[in-house]
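S.K.: Need coordinates for the below:
(one chain, ligands or ions: 1)
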Amino acid sequence: MSDLNAADHSRDSAGLRYVYLVVSRRAGGVSVGINLNTNNACNWRCIYCQVPDLARGSAPPLDIALLEQELRGFLHELLHGDFMQRRVPEGARRINDIALSGNGEPTSAEEFAQVIELIARLREELQLDPAIKTVLITNGSLIYRASVQQGLRRMAQLNGEVWFKLDRASEAGMARVNDTRMSLSKVRENLASAIALCPTWLQTCWFALDGEPPGNQDENDYLEFLASLLSDGIRPQGVLLYTLARPSLQAEAPRLGALTAQQMEAFAARIGALGVAVKISS
Ligand code: SF4
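M.R.: Residues are numbered from 1 along each chain as shown. I've put the predicted structure just below:
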């Protein structure tokens with residue numbers, strides 16, 4: 001999952017199979033990432049995706065014993081070893097969150113609910129500060145699955161937060177940007193389920209395609225979708241709005257461009273006018 005942390009990304013920074021570290025100076029801390037999609041497979045193909053050699057598919061079978069060993073060892077090292085001193089700049093030597101992100105859609109892993117249980121167990125065993133979040137970065141397309149819902153319910157008890165991808169709120173827009181044929185009603189259903197189970201933010205990537213920023217139609221579709229959710233009492237925590245910070249690794253890369261701060265702020269203001277919190281991240 002391409003995420004919002006435009007910081008020092010390095011999946012192999014810790015030299016492990018599933019666990020990696022993202023340092024964010026902006027957020028003043030580190031995120032402990034878990035990549036379940038070691039095969040670089042996702043059920044979507046967003047044209048801005050930064051996963052190398054992205055393939056269609058699901059996460060491969062998980063070696064949960066290895067994940068447990070890596071996560072326990074790495075958290076222990078961050079808490080009690082000298083990794084922070086050696087590798088993390090001053091001012092960011094704090095764990096902000098444990099994030100299920102990675103090189104594909106994390107909820108496509110059959111073992112998703114078990115992974116959340118594992119995080120719960122290790123949080124307790126290592127007495128992690130309850131302020132540390134458990135974040136799921138997802139395209140939301142598999143939230144209808146009972147096992148994913150079970151995981152989200154548990155995440156809510158672990159200071160959980162879902163970042164639910166909504167780049168465009170029309171079927172044509174999703175086909176263009178996410179290369180998926182998912183219906184808008186299904187997106188709405190999945191989103192409503194996520195919100196009911198765990199605090200959920202929308203994450204929206206807003207960028208120029210062939211030199212053109214998203215049009216009025218895109219903006220209006222998005223705002224209408226959001227307004228209709230709100231009028232049905234379906235309320236996300238807010239919108240994480242971002243533009244392209246790093247180059248896409250898909251064939252469309254040369255056609256994509258970042259938006260200016262003013263363009264981002266103009267759209268954020270329209271979202272804010274609905275009474276929804278917006279955080280712009282670069
Ligand atoms: S949802 Fe999109 S951005 Fe995320 S991994 Fe899949 S293709 Fe990439």
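S.K.: Which secondary structure state is assigned to V22?
M.R.: Recorded secondary structure, V22: strand (DSSP: H, G, I helix; E, B strand; the rest coil).
S.K.: Skipping its backbone neighbours, what lies nearest it in space?
M.R.: Counting by CB to CB, 6 or more residues apart in numbering, S31 is the residue found nearest to V22 once chain neighbours are left out, at 4.4 Å. All C-beta atoms are positioned from the backbone trio N, CA, C, and that covers glycine.
S.K.: Now do the phi/psi pair for the one you found.
M.R.: According to degrees, to the nearest 10, the main-chain angles of S31 amount to phi -110, psi 130.
S.K.: which residues does it form a beta bridge with?
M.R.: Residues in a beta bridge with S31, per DSSP bridges, are V22, D97.
S.K.: residues near it, how many?
M.R.: Neighbour count of S31, defined by other CB atoms under 10 Å: 22.
S.K.: Could you pull up the contacting residues of it?
M.R.: Going by CB atoms under 8 Å, 6 or more residues apart in numbering, S31 touches N5, L21, V22, S24, I95, N96, D97, I98, A99, V135.
S.K.: For it, give me the pLDDT.
M.R.: pLDDT for S31: 96.
S.K.: ok, now S281?
M.R.: Listed pLDDT for S281 reads 85.
S.K.: any idea how far V115 is from it?
M.R.: Distance, S281 to V115, using CB to CB, to the nearest Å: 25 Å.
S.K.: can you check E212 too?
M.R.: As judged by CB to CB, E212 and V115 stand 40 Å apart.
S.K.: Over to N220?
M.R.: Relative to V115, N220 is positioned 38 Å away (criterion: CB to CB).
S.K.: now do V23
M.R.: Taking CB to CB as the measure, V23 falls 23 Å from V115.
S.K.: By proximity to the ligand, which residue of the stretch 101-250 of the chain wins?
M.R.: Minimum separation of the stretch 101-250 of the chain from the ligand (CB to the nearest ligand atom) falls at N139, amounting to 3.8 Å.
S.K.: what's the nearest residue to that residue if we skip its chain neighbours?
M.R.: Spatially, and ignoring its direct neighbours in sequence, N139 is nearest to K165 (4.5 Å; CB to CB, 6+ apart).
S.K.: can you check E117 too?
M.R.: Leaving out its chain neighbours, the residue that sits closest to E117 by CB to CB, 6+ apart is R154, at 6.5 Å.
S.K.: Could you tell me whether that neighbour really is in a strand?
M.R.: No. Note on R154: no strand contains this position according to three-state DSSP, which reports helix.
S.K.: That one and L118 touch, don't they?
M.R.: No. With contacts defined as CB atoms under 8 Å, R154 does not count as touching L118, sitting 10.4 Å away.
S.K.: so what's F225 up against?
M.R.: L166, A169, L184, R188.
S.K.: Using PyMOL, define a selection of the buried residues within these.
M.R.: Here is the PyMOL command that picks out the buried ones among the contacts of F225, judged by 16 or more other CB atoms under 10 Å:
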select buried, resi 166+169+188
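S.K.: Kindly indicate which of the contacts of F225 lies nearest M264.
M.R.: For M264, the nearest member of these is L166. The distance, counting by CB to CB, is 15.9 Å.
S.K.: For the closest one, give me the backbone phi and psi.
M.R.: Note on L166: its backbone torsions stand at phi -140, psi 90 [degrees, to the nearest 10].
S.K.: so what's it up against?
M.R.: Neighbour list for L166: G140, V187, L191, L202, Q203, T204, Y222, F225 [criterion: CB under 8 Å, 6+ apart].
S.K.: Three-state assignment for the closest residue to C42 other than its chain neighbours, please.
M.R.: Using CB to CB, 6+ apart and skipping the chain neighbours, the partner closest in space to C42 is G104 (3.9 Å). Three-state secondary structure (criterion: three-state DSSP) places G104 in coil.
S.K.: count of residues packed around G104?
M.R.: So G104, with other CB under 10 Å, has 29 neighbours.
S.K.: Quick check: the gap between it and N190.
M.R.: For G104, the distance to N190 under the criterion CB to CB works out to 17 Å.
S.K.: where do the strands sit along the protein?
M.R.: For the chain, the strands defined by DSSP state E cover 8-10, 19-24, 29-35, 41-42, 55-56, 95-101, 133-138, 160-165, 200-205, 208-209, 238-242, 256-257, 278-281.
S.K.: Let me have these in JSON lines, extended by distance to F74.
M.R.: Formatted as JSON lines, the strands of the chain follow (distance: least, CB to CB, whole Å):
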{"stretch": "strand 8-10", "distance to F74": "14"}
{"stretch": "strand 19-24", "distance to F74": "5"}
{"stretch": "strand 29-35", "distance to F74": "7"}
{"stretch": "strand 41-42", "distance to F74": "24"}
{"stretch": "strand 55-56", "distance to F74": "27"}
{"stretch": "strand 95-101", "distance to F74": "10"}
{"stretch": "strand 133-138", "distance to F74": "15"}
{"stretch": "strand 160-165", "distance to F74": "20"}
{"stretch": "strand 200-205", "distance to F74": "25"}
{"stretch": "strand 208-209", "distance to F74": "38"}
{"stretch": "strand 238-242", "distance to F74": "26"}
{"stretch": "strand 256-257", "distance to F74": "34"}
{"stretch": "strand 278-281", "distance to F74": "25"}
